[in-house]
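J.: For reference, the sequence and a predicted model appear below.
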Amino acid sequence: MSTLTKTDIVETNINDEYYLKLSSDPVKFEPVNDITDVFFDDFKQQVFAIRSGGVTGVIVKGLEDNINFRMDDKGPVISIKFSPDMNILAIQRSVTSVEFINYSSVNALDSIQYSQSCKGKNATILGFVWTHANEILFVTDHGVEHFQIIPDKRFVKSLKSLNIAVHWFIFCPQSFLMLLSSGHMGNQMQALYVTPGNLHKITKFEIETITTKPGKLAVSERDVALAVLYGIPCIIVVRHQPSDSIRSVGLTFLYIYTIHKMMTVKKSHIIKLDMNGRFAINVVDNLIIVHHQASKTSMVFDVMLPGVSDGTVIHHTSVAPPKSIKPYSLRVPGLNISEYVNQSYQLYSPNWVVFQPNIVIDAKLGCLWYIELQLDKLAKLITNKVQLVQFLMHRKNSKQILIQFIMDLIMQMPTTLVDIPIIFERLNSVYRNHLENEIQSIMGTPLQNNTKIVHFVSNSFKYKIFIDQSDIYSHILSKFSEDKIDSKMIIWILLEYIRSLSEHGIPVQHYIYELVITTLVHKKAYYQLHQLLQYHVVSDSKPLACLLLSLENLYPAAHQLALDMLKRLNIAHEEIIEVLLSKGHILPALRYIRSIHKSDDVCARKFLEAAKVTNDCILFYSVYKFFEQRNLKLHNTTGFAKSERCQPYVQHFKKLFRTNT
């Protein structure tokens, strides 16, 4: 594979349930060879390809930036990284010092370089990391040295140092957390929180030791990863426990330590892998991805899903069965110069190097990929319906998948009858929390309402999505089809959703109530409708009252129910008439003004215009005759008074029905 010099990556088109894949557009760089070394900076996620020999050519590639420059060849490079703002290039060529060269996109590298040696006597630099702005940390086998680089003066200022014997270190750019391995067996861990100009020590902790060969550390760097899960910094440790006997196979676990308020470290989760061998860790969308080289599969774990607690830690199992990453093909030159052929790429290659959070690099091939989650495929493999809802609400870009799942679940009624109330509870718990946060951010006051059950979501993390009433109405409730789901089930679902909203103290929007009322009327469930209104299961509102008025011809009692509701709401008659006309409920509006004895006072022109724009001749005829009768009563003539300005409607009536005055 290292002999391929020109490749294109082609995602294999296989219709299978692979829930992980490599990014379709990898970052390509010059592969490692006899004259080219490759380095990766996980802070800026940049790959440095350095070609040596006389003058050194450097190609820097990242997701956004591609840079080329040349520098003098002063010996082999151990490490090379740009500062966060790309104005300083740091190069380590020895184990005792780091060189600095100012850089600009216009002039490239400065001609003058300056350097900084580690201050510890007889200390060896294990590595360095840029942190904030122009600050840098040297990690030596004697401790940590914190410096600030002042590029204008080409000066390095010492800020702070920490003395501790160090075997190895790792750094997390997302949380600015550094972990140092110390102690005789390397299992004593010192975490540091790096802030601008300062280092903060977090409580030291030990990882349980296992039997190791003499001279070998109990915990190696490759078995530890730093990550951020649901906003909380975490330390993930792969632990290989030896077998109790020759015949049995040893067990492998993930220990997950959480760091609380950058002060204390606690072992919070344990994951049993049920496999042995070499593992690599990635994190995608707050999910822990464990790659297993021997079986060429990956597993997914979610620490936010319920597990089994032993009183100290929570034990978790995988979200779905282990699966391979979706196959890839390489487009490589064929036998003819102009010909290209697809060649299957070896996933889980021994050449893979994994970086956090979701990066895989094959240096011999010259490709950097991002591990991506195919959420729709993964969702199909989660059998617990309630857990799937919780899982999806923690994922970004999952709203449409969740909505479709709920719709499919409802279509399976009544077999899913038990799950629906629990799922509504989960949805509305998060919805309530969103409303709380929204109102507090705007007004500084919580959502006030009488509630029976209120479930508050922890502020230590945020759900990626929430499903509100408009989502449920637009995509689910209003899409019901009678030929696919029983009408009784439709009414039950509507009322169950309203019940759940009410229990969480969420005011029900009028369009949800309108759907309940129209559904009950359509099913001629008048007694049930009357009960809901009488016992105020459906809350009073002006739109609902207008809807009831419009349903009078189907359900005569709706008129009085609407009047009672309007009376309780203390709404002006004129406003009600305007709402009815705006919704095209012209005849209900006429019945309403007659019921409140306002026929003599209303503006006929307003009603005639509303009837005219409908292009319904019969409707216009009915409205016109209504006001003719009113005129006869008031003025002893069917004609309209000049002040009413109804002459255009008189002409329109004559045109339609060819009548004579």
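T.: Cool, the structure landed. Since this is a predicted model, take the numbers as computed values, not measurements. Residues are numbered from 1 along each chain as shown.
J.: in the protein, which segments are predicted with low confidence?
T.: Applying pLDDT under 70 to the chain flags residues 1-16, 53-54, 211-212, 242-250, 332-338, 444-462, 482-483, 659-661.
J.: Just list the residues touching residue 169, thanks.
T.: Residue 169 makes contact with 126, 127, 139, 178, 179, 180, 181, 221 under the criterion Cβ atoms under 8 Å, 6 or more residues apart in numbering. In this view, the C-beta of every residue, glycine as well, is placed from N, C-alpha and C.
J.: taking these one by one, which sit in strands?
T.: Here DSSP state E is the test, and the contacts of residue 169 give 126, 127, 139, 178, 179, 180, 181 as lying in strands.
J.: Which member of these is positioned nearest residue 443?
T.: Top of the list for closeness to residue 443, among the ones in strands among the contacts of residue 169 and by Cβ to Cβ, is residue 178 at 40.8 Å.
J.: what number of residues lie near that closest one?
T.: As a burial measure, the neighbour count of residue 178 was computed by other Cβ atoms under 10 Å and equals 22.
J.: quick revisit: of the ones in strands among the contacts of residue 169, closest to residue 19?
T.: Using Cβ to Cβ, residue 179 is the member of the ones in strands among the contacts of residue 169 that lies nearest residue 19, at 29.7 Å.
J.: tell me which residues form a beta bridge with the closest one?
T.: Legend: beta-bridge partners of residue 179 under DSSP bridges are residue 170, residue 191.
J.: returning to that earlier point: kindly present the ones in strands among the contacts of residue 169 as JSON lines, with separate columns for distance to residue 486.
T.: Shown next, in JSON lines, are these (distance: Cβ to Cβ, whole Å):
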{"residue": "126", "distance to residue 486": "69"}
{"residue": "127", "distance to residue 486": "66"}
{"residue": "139", "distance to residue 486": "67"}
{"residue": "178", "distance to residue 486": "61"}
{"residue": "179", "distance to residue 486": "58"}
{"residue": "180", "distance to residue 486": "64"}
{"residue": "181", "distance to residue 486": "63"}
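J.: Which among those residues count as buried?
T.: Among the ones in strands among the contacts of residue 169, those classed as buried by 16 or more other Cβ atoms under 10 Å are 126, 127, 139, 178, 179, 180, 181.
J.: can I see the domain layout of this protein?
T.: Per the record's domain assignment (automatic domain parsing), the chain is made up of the domains 1-21+207-374, 43-172, 377-600, 603-661.
J.: can I get those domains in JSON lines with distance to residue 193?
T.: Shown next, in JSON lines, are the domains of the chain (distance: least, Cβ to Cβ, whole Å):
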{"stretch": "domain 1-21+207-374", "distance to residue 193": "4"}
{"stretch": "domain 43-172", "distance to residue 193": "10"}
{"stretch": "domain 377-600", "distance to residue 193": "17"}
{"stretch": "domain 603-661", "distance to residue 193": "68"}
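J.: Which among these is found nearest to residue 190?
T.: Within those, the stretch nearest residue 190 is domain 43-172; the backing value is 6.0 Å (Cβ to Cβ).
J.: now for this structure, which residue lies nearest the mean position of the chain?
T.: Residue closest to the average C-alpha location in the chain (Cα atoms, centre = their mean): residue 396, at 1.9 Å.
J.: mind checking how far the nearest residue to residue 511 once chain neighbours are set aside is from residue 306?
T.: When the adjacent residues along the chain are set aside, residue 511 lies closest to residue 473, with 5.7 Å between them (Cβ to Cβ, 6 or more residues apart in numbering). With distances defined as Cβ to Cβ, to the nearest Å, the gap from residue 473 to residue 306 amounts to 30 Å.
J.: Between those two, which has more neighbouring residues?
T.: residue 473 (17 against 12).
J.: OK, contacts around the more buried one?
T.: Applying Cβ under 8 Å, 6+ apart, the residues contacting residue 473 are 509, 511, 512, 515.
J.: how about it, secondary structure?
T.: Classification of residue 473 into helix, strand or coil gives helix, according to DSSP: H, G, I helix; E, B strand; the rest coil.
J.: and if you look at residue 119?
T.: Following three-state DSSP, we place residue 119 in the coil state.
J.: That one against residue 161, yeah?
T.: Yes: A contact is recorded between residue 119 and residue 161 when judged using Cβ atoms under 8 Å, the distance being 6.5 Å.
J.: More neighbours: those two, which one.
T.: residue 161 (17 against 14).
J.: host element of the more buried one?
T.: Using DSSP states H and E, residue 161 falls within strand 155-163.
J.: Can you check what angle separates that strand from strand 177-182?
T.: Taking axes from the mean of the first three to the mean of the last three Cα atoms, to 10 degrees, strand 155-163 and strand 177-182 form an angle of 50 degrees between their directions.
J.: ok, now how distant is residue 569 from residue 590?
T.: When distances are taken as Cβ to Cβ, residue 569 and residue 590 turn out to be 21 Å apart.
J.: that older thread, and the ones in strands among the contacts of residue 169, which is closest to residue 369?
T.: Using Cβ to Cβ, residue 127 is the member of these that sits closest to residue 369, with 24.0 Å.
J.: isn't there a strand covering residue 240?
T.: Yes: membership of residue 240 in a strand is supported by three-state DSSP.
J.: quick thing: my sequence starts at 56, can you match it?
T.: All set: I'll call the first residue 56, so the last point we hit is now residue 295.
J.: what about it, how many residues close to it?
T.: When counting by other Cβ under 10 Å, one arrives at 15 neighbours for residue 295.
J.: Which residues are in contact with residue 650?
T.: Shown in contact with residue 650 (Cβ under 8 Å, 6+ apart): 614, 618.
J.: just checking, residue 433 is part of a strand?
T.: No: using three-state DSSP, the assignment for residue 433 is helix, not a strand.
J.: from memory it sits against residue 375, does it?
T.: Yes: under the contact definition of Cβ under 8 Å, residue 433 touches residue 375, with a separation of 5.9 Å.
J.: Can you list the strands that the helix or strand hosting residue 192 pairs with?
T.: Secondary structure here is read from DSSP H and E; on that basis residue 192 sits in strand 190-195. Within its sheet, and counting by DSSP bridges, strand 190-195 is paired with strand 180-185 (antiparallel), strand 198-205 (antiparallel).
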